[in-house]
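Novice: Any chance you could fold what I've pasted below:
(one chain, ligands or ions: 3)
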Amino acid sequence: MTDPDVRHVSQPGRVLIFDTTLRDGEQALSRSLSAEQKLHIALALENLGVDVIEAGFPISSDGDFEAVRMIAQRLKTATPCGLARAVAKDIDACGEALRVADHFRIHTFIATSAIHTKEKLRKSYDEIEAMAVAAVKHARRYTDDVEFSCEDAGRTDPDQLCRMVEAAIRAGATTVNIPDTVGYTVPTEFGGIISMLMNRVPNIDKAVLSVHCHNDLGMATANSLTAVEMGARQIECCVNGLGERAGNCSLEEVAAAIHLRGARLGDVHTGIKLNQIARTSALVAKMTNEPVPNHKAIVGGNAFAHSSGIHQDGVLKNRSTYEILTPEMLGFDGNVMHMTARSGRHMVKSTLTALGYPEGSYNLDQLYAKFLQLADRKGQVHDYDLEALLFSMSLEQADDAFTLERFSVMTGSGEVDPTATVVVRCGSRTRTEASTGNGPVDAIYNAVTRLTNLKTKLLTYVIEANGEGMDALGRVNVSVLYDERKFYGSAVSDDVLEASTLAFLNALNAVERHRRVAAAKAEKADKPNDQKLQVDTP
Ligand SMILES: CC(=O)SCCNC(=O)CCNC(=O)[C@H](O)C(C)(C)COP(=O)(O)OP(=O)(O)OC[C@H]1O[C@@H](n2cnc3c(N)ncnc32)[C@H](O)[C@@H]1OP(=O)(O)O
Ligand SMILES: CC(C)C(=O)C(=O)O
Ligand SMILES: [Mg+2]
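Specialist: Numbers count the residues shown, from 1 in each chain. Ligands and ions are numbered 1, 2, ... in the order given. Predicted coordinates:
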């Protein structure tokens, strides 16, 4: 049988990516994954180019056994793997689940630190070593691809760690994994453990040295990369940095870091297809119900966003000033520029240029002063706000067309049709409309649509608690489509239905401003001699 790992390792500088999203990543979830969900993720991981997929812990339950079996059956290029304690029944379950694949890996482990051996396993070190050796030998009956892990290696006595690694390799382990199970070590220390093993274990060249770092102190990526510099050639990691407690080393972070800094790390590379990272991250976030934090490196919503003027100016002149990787390279659409009161004139000018207003057709300083007033009031300014500002140059003129006066809703279970009555002030007039809907919010939105006469498509409606417990306010964010453009609205209220109504009206006010701007533009187009915009006059 050809061992793909041996093939990769024979390529100088190849670092294997062992993904454990479906095993260690799953250990962080409040709700375990179904076999179908695991299979879906496994196929995406294979497409991403990972080398080994740890699909689960087959002895754990019939469901996980089946998940590992299904995944082993479907993978074509990635090696399927299952986890087993250093006991025969766990290894047998792994072997049985995986044997449907032509090539597979059994991963067996036992803790080696004093705290774990004495307090948890309650065994002597000699007993632990005997169990490890027996487990590796037993696993070798099923496959010639056996990985052995010294759980809590980061806190294990160095002499005992060297002894265990040597014994496991002698017993037949082809990969030896060094986990920093509780994320305790710092990079120089963890790198030191790897270089010690490389120097002191006589048969270390007979196995791939792997690392598995947890993020309890936020060191998982740094520790893994330092280990690679010291000679480790497999990194165990999870998509979006999922994993027990604070997570495992994040796959996208090490893949991007090795892509960018591989030369600095000893001329190393991985087989990860970087342009598949965005979609894999999104899929895992969705399936695990674990949204990616905005500030998460590489895949967070803010990873390629700029909202401060000095950075925006730099990025507009040359993206490399503040972007070390391009979002496109990772499969994202592009970077994001937020216009806020921290933005500068370059950002405002560039947005207007993109909207079709050439520099010189307006007074930038005057517009910027108005922009700052608006940004201080609203927090974020959208391109359509800027366009409205440009035409009106006064918030008073561009002020909200619709203001909520009051609303009432009748709703209930069973036969009751949710019905809403909404009263809105439109300039000097007050209008009232009533409508039914699928639910109370739908009824309100139908009534509001009638009385504003703006036919939009609701794209997103997100409601969340702002604060904690019973005192929390409801925050509603909506986006609507009008005239092939997206408009946003948001509102906060102690009544979620009021927040929903206000957020929708907020978006419709933006639409109405856009309509006025479009009408003014059309009027300008009818007067070809009038080259400059009204607002340009000092
Ligand atoms: C660092 C890690 O991430 S390790 C992986 C952690 N993942 C999981 O635990 C998820 C899957 N686990 C399970 O489904 C269950 O815990 C099982 C099936 C493995 C075991 O279930 P149970 O038999 O009910 O035991 P339980 O989980 O309560 O306790 C673990 C037992 O395994 C022993 N054990 C722990 N690790 C190992 C090991 N590597 N090798 C041998 N025995 C071990 C413990 O000492 C304890 O033994 P004891 O019952 O003699 O005290
Ligand atoms: C089972 C092992 C590899 C593990 O997850 C750890 O030690 O963190
Ligand atoms: Mg772990």
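Novice: Close to ligand 1: what parts of the chain are there?
Specialist: 24, 27, 57, 59-60, 85-87, 109-110, 120-121, 151, 181, 244 (C-beta under 6 Å from any ligand atom). Heads up, the C-betas are built off the backbone N, CA and C, glycines and all.
Novice: Between all of the residues you listed, which two are at the greatest distance?
Specialist: For the residues of the chain next to ligand 1, the farthest-apart pair by C-beta to C-beta is Val87 and Glu244; their separation is 20.6 Å.
Novice: Mind checking which of those two has more residues around it?
Specialist: More neighbours surround Glu244 than the other of Val87 and Glu244, with 20 against 15 (other C-beta atoms under 10 Å).
Novice: ok, of the residues of the chain next to ligand 1, which come out buried?
Specialist: Burial by neighbour count, 16 or more other C-beta atoms under 10 Å: within the residues of the chain next to ligand 1 this picks out Asp24, Phe57, Ile59, Ser60, Arg85, Ala86, Phe109, Ile110, Leu121, Glu151, Thr181, Glu244.
Novice: got those as JSON lines, with secondary structure columns?
Specialist: Formatted as JSON lines, those follow (DSSP: H, G, I helix; E, B strand; the rest coil):
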{"residue": "Asp24", "secondary structure": "helix"}
{"residue": "Phe57", "secondary structure": "coil"}
{"residue": "Ile59", "secondary structure": "coil"}
{"residue": "Ser60", "secondary structure": "coil"}
{"residue": "Arg85", "secondary structure": "strand"}
{"residue": "Ala86", "secondary structure": "coil"}
{"residue": "Phe109", "secondary structure": "strand"}
{"residue": "Ile110", "secondary structure": "strand"}
{"residue": "Leu121", "secondary structure": "helix"}
{"residue": "Glu151", "secondary structure": "strand"}
{"residue": "Thr181", "secondary structure": "coil"}
{"residue": "Glu244", "secondary structure": "coil"}
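Novice: Dump those residues to JSON lines, plus distance to Arg319 and pLDDT.
Specialist: Formatted as JSON lines, those follow (distance: C-beta to C-beta, whole Å; pLDDT from 0 to 100):
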{"residue": "Asp24", "distance to Arg319": "35", "pLDDT": "98"}
{"residue": "Phe57", "distance to Arg319": "44", "pLDDT": "98"}
{"residue": "Ile59", "distance to Arg319": "50", "pLDDT": "98"}
{"residue": "Ser60", "distance to Arg319": "46", "pLDDT": "98"}
{"residue": "Arg85", "distance to Arg319": "49", "pLDDT": "98"}
{"residue": "Ala86", "distance to Arg319": "51", "pLDDT": "98"}
{"residue": "Phe109", "distance to Arg319": "44", "pLDDT": "98"}
{"residue": "Ile110", "distance to Arg319": "49", "pLDDT": "98"}
{"residue": "Leu121", "distance to Arg319": "53", "pLDDT": "98"}
{"residue": "Glu151", "distance to Arg319": "44", "pLDDT": "98"}
{"residue": "Thr181", "distance to Arg319": "40", "pLDDT": "98"}
{"residue": "Glu244", "distance to Arg319": "37", "pLDDT": "98"}
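Novice: Wait, Cys81 touches Phe104, no?
Specialist: Yes. Counting by C-beta atoms under 8 Å, Cys81 does reach Phe104; the two are 6.7 Å apart.
Novice: So for the two, which sits in the more crowded spot?
Specialist: Applying other C-beta under 10 Å to Cys81 and Phe104 shows that Cys81 carries more neighbours, namely 30 against 23.
Novice: beta partners of that one?
Specialist: Glu54, Arg105 (DSSP bridges).
Novice: Can we start the residue count at 253 from this point?
Specialist: Yes, from this point I'll number from 253; that puts the last item at Cys333.
Novice: Now do the shared contacts for Cys333 and Phe356.
Specialist: Leu350 (C-beta atoms under 8 Å, 6 or more residues apart in numbering).
Novice: just the buried ones among the residues of the chain next to ligand 1 that are near ligand 2?
Specialist: Among these, the ones lying near ligand 2 by C-beta under 6 Å from any ligand atom are Asp276, Phe361, Glu403, Thr433.
Novice: ok, of these, which one's closest to Asp637?
Specialist: Looking across these and measuring by C-beta to C-beta, the closest to Asp637 is Asp276, at 45.2 Å.
Novice: Up against ligand 2, what does the stretch 403-552 of the chain have?
Specialist: So the stretch 403-552 of the chain meets ligand 2 at Glu403, Asn429, Pro431, Thr433, His464, His466 (C-beta under 6 Å from any ligand atom).
Novice: So what's the residue count around the last one?
Specialist: Just to be clear, that refers to His466. 24.
Novice: Could you confirm His464 falls within a strand?
Specialist: Yes. When three-state DSSP is applied, His464 is found to be in a strand.
Novice: in the stretch 453-602 of the chain, which spans are strands?
Specialist: 460-465, 486-489, 557-558, 588-589 (DSSP state E, counting those that start in this stretch).
Novice: Just list the residues touching Arg422, thanks.
Specialist: Going by C-beta under 8 Å, 6+ apart, the list of residues near Arg422 reads Val385, Asn455.
Novice: so what secondary structure elements neighbour the longest helix seen in the chain?
Specialist: In the chain, with assignment by DSSP state H, the single longest helix is helix 748-777. Helix 748-777 sits against helix 635-644, strand 654-662, helix 692-704, strand 709-718, strand 725-734, strand 737-745, with contacts defined as 3 or more C-beta pairs under 8 Å, 6 or more residues apart in numbering; DSSP states H and E.
Novice: and the ones you listed as JSON lines, adding mean neighbour count and mean pLDDT?
Specialist: Listed next are the helices and strands packed on helix 748-777 as JSON lines, based on neighbours: other C-beta atoms under 10 Å; pLDDT from 0 to 100:
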{"stretch": "helix 635-644", "mean neighbour count": "22", "mean pLDDT": "80"}
{"stretch": "strand 654-662", "mean neighbour count": "16", "mean pLDDT": "95"}
{"stretch": "helix 692-704", "mean neighbour count": "21", "mean pLDDT": "97"}
{"stretch": "strand 709-718", "mean neighbour count": "12", "mean pLDDT": "90"}
{"stretch": "strand 725-734", "mean neighbour count": "20", "mean pLDDT": "89"}
{"stretch": "strand 737-745", "mean neighbour count": "18", "mean pLDDT": "87"}
